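S.K.: Have a look at this prediction, sequence included:
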Amino acid sequence: MSAVWLHVGQCGNQIGEEWWQILTRENVPHAEADRYPFCSPDGKLSAICVDSEPKVVRKLQKQVKSGSFRKNNLIVGKRGRGNNWAYGYHGLHSANEKNLLERTMESLRKEVERRDCYCGTMLFHSLSGGTGAGLGSRLCEAIRDENSLGQILTVTVAPHQAGESPLQHYNSLLCLSWLQRHVDGVLLFQNDAVLRRTAALLGKKAPVSDMQPQVSLSAMNTYVASCLAGLFYPLKAFTTGSGISVGMEPWELLRSACPMPTMRFLHLAQACKRQEWGLSHHVKSDSEPLRWGTVFWDSLASSVVHSLPRESHAGQPHYSTSVLAVARSYQEDTFLLSRDSVLRKLKQAYHEAYPWNPFSLSCWTDSLNIVEPGCHSHLLTICANHGSSAELLQQVVARAEAMYETNAYLHWYWRYGCEEADFQQAFETLCSVADDYSRLGE
Ligand SMILES: Nc1nc2c(ncn2[C@@H]2O[C@H](COP(=O)(O)OP(=O)(O)O)[C@@H](O)[C@H]2O)c(=O)[nH]1
Ligand SMILES: [Mg+2]
């Protein structure tokens, strides 16, 4: 049931680095058996790292020396893609650079052959650059064509709204529409929201009220990677009788969180608390740790819910089709005690669109918190198919449309092989998805 992990472009590789650091932590109980879904039989990670420029992937080479990445799976080109989706998608027309797509597909084919049971691909990338967005889109299409049975789930980073590059709205538009057409689920992280959440968890405040707090990219990536580990680190519930994980988590997630084929955008949020009291004098009876455990889960649920965008800028409430809560703690049983009250809180905040559906709220639990192993900690990760994604799609369409109408920067896209039809289809696709989400709850 295992996956091939594909990192494309700067953002995809940088987030990948944090993710693999968590996954390959040493001295974690039962980590050996849990590694199966992430490695091929020779012990190397089932990861492929691709970028059009060498800088970021070169850094990973250090880890190749220590034996984690396969050398042939680090694939680099000679020059970047100029933050242009069209350049990333169509590539250079020289023999050398066209290779990037073919080399990646070849590595992927080999990686699939190495696995005894391939279930799908996880792609990490950003929406607004050239390589992760453009080449990432092209790869999704090629993977789907070649292996129509395997699923594709993406970890997709949306840019800061304040604007990093004038082409970001076109790139996001084209990439989002490719994802909608070729993949099964999109774990969407919006950099502004990730920054705010990371700052809140680190206790940082903005220097002036309308400014963003200062948070490093690496702290933001750690948050993204821990959300992913909260979801995908193997759970006992999905392991075989022999105790080996088969890596069902991403595919089970798709089953429970993407029930409608037209709505596949997922929102993630996480909170973690360490139990500071340990076995100190505060503990007066055997039942006290259990009682405290339930208090923790309630406060973690409140923290997650607090960071959730409840309504659109226009004041319309966001609805969700499905919500998955993953609770990890050495005191796994305390979650069962607080389950009802946590779920009630989530139901209310995430605004279930189909309250009649008994499967719209699922829960997974496990006793290992890989994000803080060794500490007495509780980790709650919530993944929801939630209307806030529709708002991002609407913003992207509005901004791209305003530029498109004035022909701004379009020659950069025609130059690398894009056509008007690509834009028209992208506008239509995103508007239709946004409509579907905004009709939830009607
Ligand atoms: N969260 C996060 N965002 C990143 C990172 N690196 C780049 N980005 C975002 O990704 C976008 C630029 O894409 P990038 O991945 O650098 O381009 P590419 O190399 O052409 O795919 C911008 O929106 C950046 O804010 C990162 O390490 N973490
Ligand atoms: Mg780049």
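M.R.: Yep, it's here. Ligands and ions are numbered 1, 2, ... in the order given.
S.K.: residue in the stretch 301-442 of the chain nearest to ligand 2?
M.R.: Minimum separation of the stretch 301-442 of the chain from ligand 2 (Cβ to the ion) falls at Y416, amounting to 15.5 Å. In short, each C-beta sits where N, CA and C put it, glycine included.
S.K.: May I have the host helix or strand of T365 as PDB, with CA atoms only?
M.R.: Assigned by DSSP states H and E, T365 falls within strand 361-366. Output in PDB follows, covering the C-alpha atoms of strand 361-366 (Å, rounded to 0.1, in the frame of the first residue of the first chain):
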ATOM      1  CA  LEU A 361     -16.400  12.800  11.200                       C
ATOM      2  CA  SER A 362     -13.700  10.200  11.700                       C
ATOM      3  CA  CYS A 363     -11.100   9.700  14.400                       C
ATOM      4  CA  TRP A 364      -7.800   7.800  14.400                       C
ATOM      5  CA  THR A 365      -5.700   7.400  17.500                       C
ATOM      6  CA  ASP A 366      -2.200   6.100  18.300                       C
END
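S.K.: Go through that strand and flag the buried ones.
M.R.: L361, S362, C363, W364, T365, D366 (16 or more other Cβ atoms under 10 Å).
S.K.: circling back: give me the nearest residue to the residue of the stretch 301-442 of the chain closest to ligand 2, chain neighbours excluded.
M.R.: The shortest distance from Y416 to any non-neighbouring residue, by Cβ to Cβ, 6 or more residues apart in numbering, is to A86 (3.8 Å).
S.K.: Can you name the element that comes right after the strand holding T365?
M.R.: Taking DSSP H and E, what comes next after strand 361-366 is strand 377-386.
S.K.: just checking, what packs against the helix or strand that that following strand is followed by?
M.R.: Proceeding C-terminally, strand 377-386 gives way to helix 388-405 as the next helix or strand, assigned by DSSP H and E. Applying 3 or more Cβ pairs under 8 Å, 6 or more residues apart in numbering; DSSP states H and E, one finds that helix 388-405 contacts helix 168-182, strand 185-190, strand 265-274, helix 420-438.
S.K.: So what touches the last one?
M.R.: Okay, so that is helix 420-438. 170, 173-174, 176-177, 180-181, 260, 262-263, 265, 316, 319, 387, 389-390, 393-394, 396-397, 400-401, 404, 413 (Cβ atoms under 8 Å, 6 or more residues apart in numbering).
S.K.: got the CA coordinates for it in PDB?
M.R.: What follows is helix 420-438, C-alpha atoms only, in PDB (Å, rounded to 0.1, in the frame of the first residue of the first chain):
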ATOM      1  CA  GLU A 420      -5.400  30.900 -24.500                       C
ATOM      2  CA  ALA A 421      -7.400  27.700 -24.100                       C
ATOM      3  CA  ASP A 422      -5.200  26.700 -21.100                       C
ATOM      4  CA  PHE A 423      -6.200  29.900 -19.300                       C
ATOM      5  CA  GLN A 424      -9.900  29.700 -20.300                       C
ATOM      6  CA  GLN A 425     -10.100  26.100 -19.100                       C
ATOM      7  CA  ALA A 426      -8.300  27.000 -15.800                       C
ATOM      8  CA  PHE A 427     -10.800  29.900 -15.100                       C
ATOM      9  CA  GLU A 428     -13.700  27.600 -15.800                       C
ATOM     10  CA  THR A 429     -12.400  24.700 -13.700                       C
ATOM     11  CA  LEU A 430     -11.600  26.900 -10.600                       C
ATOM     12  CA  CYS A 431     -14.900  28.800 -10.800                       C
ATOM     13  CA  SER A 432     -16.800  25.500 -10.900                       C
ATOM     14  CA  VAL A 433     -15.000  24.100  -7.900                       C
ATOM     15  CA  ALA A 434     -15.500  27.400  -5.900                       C
ATOM     16  CA  ASP A 435     -19.200  27.200  -6.800                       C
ATOM     17  CA  ASP A 436     -19.500  23.600  -5.500                       C
ATOM     18  CA  TYR A 437     -17.900  24.600  -2.200                       C
ATOM     19  CA  SER A 438     -20.000  27.700  -1.900                       C
END
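S.K.: Which positions in that helix come out as buried?
M.R.: Going by 16+ other Cβ under 10 Å, helix 420-438 has these buried residues: D422, F423, A426, F427, T429, L430, V433, A434, Y437, S438.
S.K.: related to what we said a few turns ago, from memory the residue of the stretch 301-442 of the chain closest to ligand 2 sits against L135, does it?
M.R.: No. Between Y416 and L135 there is no contact under Cβ atoms under 8 Å: 12.0 Å.
S.K.: Pick out whichever of these two has more residues nearby.
M.R.: Taking neighbours as other Cβ atoms under 10 Å, Y416 and L135 compare with L135 leading, 29 against 21.
S.K.: who's in contact with that one?
M.R.: V8, G9, V50, S52, R81, G88, Y89, G91, L100, L101, T104.
S.K.: Quick check: the gap between it and ligand 2.
M.R.: 10 Å (Cβ to the ion, to the nearest Å).
S.K.: in the chain, what secondary structure element scores lowest on mean pLDDT?
M.R.: When each helix and strand of the chain is scored by mean pLDDT, DSSP states H and E, helix 31-34 comes last, with a mean of 74.
S.K.: Need the CA coordinates for that helix. CSV is fine.
M.R.: Extracted C-alpha coordinates of helix 31-34, given in CSV (Å, rounded to 0.1, in the frame of the first residue of the first chain):
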residue,chain,number,x,y,z
ALA,A,31,10.3,3.1,14.5
GLU,A,32,11.9,0.2,12.6
ALA,A,33,8.6,-1.5,11.7
ASP,A,34,7.0,1.8,10.9
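S.K.: Counting by contacts, list what it packs against.
M.R.: For helix 31-34, there are no packing partners by 3+ Cβ pairs under 8 Å, 6+ apart, so no helix or strand.
S.K.: Can you name the next helix or strand after that helix?
M.R.: strand 47-51.
S.K.: now check that next one, is it near ligand 2?
M.R.: No. If you take Cβ under 5 Å from the ion as the test, strand 47-51 misses ligand 2, and the best it gets is 6.1 Å.
S.K.: Give me the mean pLDDT for that strand.
M.R.: Average pLDDT, strand 47-51: 97.
S.K.: what residue ranges in the stretch 201-350 of the chain score low on pLDDT?
M.R.: 208-209, 275-293 (pLDDT under 70).
S.K.: ok, which stretches of it are helices?
M.R.: 217-232, 249-257, 288-306, 332-350 (DSSP state H, counting those that start in this stretch).
S.K.: Any idea which of those gets closest to ligand 1?
M.R.: helix 217-232 (4.8 Å; Cβ to the nearest ligand atom).
S.K.: Buried residues of the closest one, list them for me.
M.R.: Within helix 217-232, the residues scored as buried using 16+ other Cβ under 10 Å are 219-232.
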